[in-house]
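# Here is my input; please provide its structure:
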Amino acid sequence: MVGNASALIADPPADEDNIHHALWESKRIVDAALHPDTGETVPAPFRMSGYVPFNGPICVAMVVSSSTPALLFWNWVNQSQNALVNYFNRNASSTLSNETLAKSYAAAVGSSLAVAFGLATLIQKRYDPATASRLLRFVAFPSSVMASSLNCYIVRSPEIETGIPLLDGELGGNVVLEGETSVAAAKVGVYSTVATRALLQAPVYFLPPALMAGLPVLKRYIAGNPGMAVPLATYMIIVAFGLGLPGTTAIFPQISEIGVEDVEGKYRGLKNDSGAPITKFYFNKGL
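The predicted structure is shown next:
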């Protein structure tokens, strides 16, 4: 009887394993919907998990735009959504006033529209209407790289001004110095997120139009079935977006670490609860 009890403890029933798995999966889903700093629910369109289904159709509209007004309109929609994604996934340990938010949004979206309009105008002046119409489909990529990078930097730049708190642990870490923040960590967080946004644009905007215009098989198929051009582009963009987002986001973990030698002097010489010197800190860089 004792032997059977020991076996049950060593090897818990399959149902218990399933319950544990279900609980951890539920926690993972809940955590993905909550902001790690505020604990508030992030609206579905502005979560990273909602980026592909909500932003994907906008990307499709940008790629298939063949006129300047259409390109500018969808750039505005795209960068407005990007600004909100950047805002809701920032490090929210420091407050952001409505005035600062409004200025950041105006600067981010305004700069992105200026980039798109400048490229579109240059193409239309240098090429004939038929060639310009084809080339405008490729404007989405360079304009979105520059615009998304600017958008992310402008919306997140207040973090650099105020700094962000450092933690003593990767998971559930405590703030090291209450009321103190690190500008050095904020710069790392903002710059790495900007790089992520730039890298994400490559598979989304470059691969689908390049493949559709460069692969003979696809060119012949589209020539014989012109009505399939938009559905095919939509499919390729969504796939590229779905594969590129987790890949580029994983390059820089949300909870990042920074060495003690890379932060301000006030954080040096600190010790943990066991009395050992702290050699590295953690911080929420945002997504």
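
# what number of residues lie near residue 111?
18 (other CB atoms under 10 Å). Glycine gets a C-beta too; all of them are placed from N, C-alpha and C.

# Is it in contact with residue 150, as I believe?
Yes. Residue 111 is in contact with residue 150 according to CB atoms under 8 Å; the separation is 4.7 Å.

# just the helices in the stretch 51-200 of the chain please.
51-64, 68-88, 98-126, 129-156, 158-162, 183-201 (DSSP state H, counting those that start in this stretch).

# Would you tell me which of the ones you listed gets closest to residue 214?
helix 129-156 (11.6 Å; CB to CB).

# what pLDDT, on average, does the closest one get?
Mean per-residue pLDDT for helix 129-156: 75.

# Tell me how many other residues crowd the nearest residue to residue 270 once chain neighbours are set aside.
With sequence-adjacent residues excluded and distances taken as CB to CB, 6 or more residues apart in numbering, residue 270 is closest to residue 278, at 4.8 Å. By other CB under 10 Å, the residues close to residue 278 number 15.

# now swap in residue 178 and tell me
There are 7 residues near residue 178, going by other CB under 10 Å.

# Format the helices of the stretch 51-200 of the chain as TSV; extra columns: distance to residue 227.
Putting those into TSV (distance: least, CB to CB, whole Å) gives the following:
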stretch	distance to residue 227
helix 51-64	13
helix 68-88	19
helix 98-126	26
helix 129-156	17
helix 158-162	47
helix 183-201	28
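
# so which of the ones you listed gets nearest residue 225?
Among these, the nearest to residue 225 by CB to CB is helix 51-64 (15.7 Å).

# what are the C-alpha coordinates of the closest one, in PDB please?
Coordinates of each C-alpha in helix 51-64 appear next as PDB, following Å, rounded to 0.1, in the frame of the first residue of the first chain:
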ATOM      1  CA  TYR A  51      -0.800  42.800 -34.800                       C
ATOM      2  CA  VAL A  52      -1.100  40.400 -37.700                       C
ATOM      3  CA  PRO A  53      -4.900  40.100 -37.900                       C
ATOM      4  CA  PHE A  54      -5.500  43.800 -37.400                       C
ATOM      5  CA  ASN A  55      -2.500  45.300 -39.200                       C
ATOM      6  CA  GLY A  56      -2.200  42.700 -42.000                       C
ATOM      7  CA  PRO A  57      -5.200  44.000 -44.100                       C
ATOM      8  CA  ILE A  58      -3.800  47.500 -43.800                       C
ATOM      9  CA  CYS A  59      -0.400  46.300 -45.100                       C
ATOM     10  CA  VAL A  60      -2.200  44.600 -48.100                       C
ATOM     11  CA  ALA A  61      -4.000  47.900 -48.900                       C
ATOM     12  CA  MET A  62      -0.700  49.700 -48.800                       C
ATOM     13  CA  VAL A  63       1.100  47.200 -51.100                       C
ATOM     14  CA  VAL A  64      -1.700  47.300 -53.700                       C
END
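
# hmm, who's touching it?
Helix 51-64 is contacted from outside by 44-45, 70-71, 74-75, 77-78, 81-82, 85, 137, 140, 144, 204-205, 208-209, 229-230, 233-234, 237-238, 241-242, 245, using CB atoms under 8 Å, 6 or more residues apart in numbering.

# Tell me the gap between that helix and the middle of its chain.
The chain centroid and the centroid of helix 51-64 are separated by 14 Å under CA atoms, centre = their mean, to the nearest Å.

# I'd say the residue nearest to residue 270 and residue 168 touch.
Yes. Between residue 278 and residue 168 there is a contact under CB under 8 Å: 6.6 Å.

# just to revisit the earlier point, mind checking which of the helices of the stretch 51-200 of the chain is nearest residue 267?
Residue 267 sits nearest to helix 183-201 of all these, at 9.0 Å, using CB to CB.
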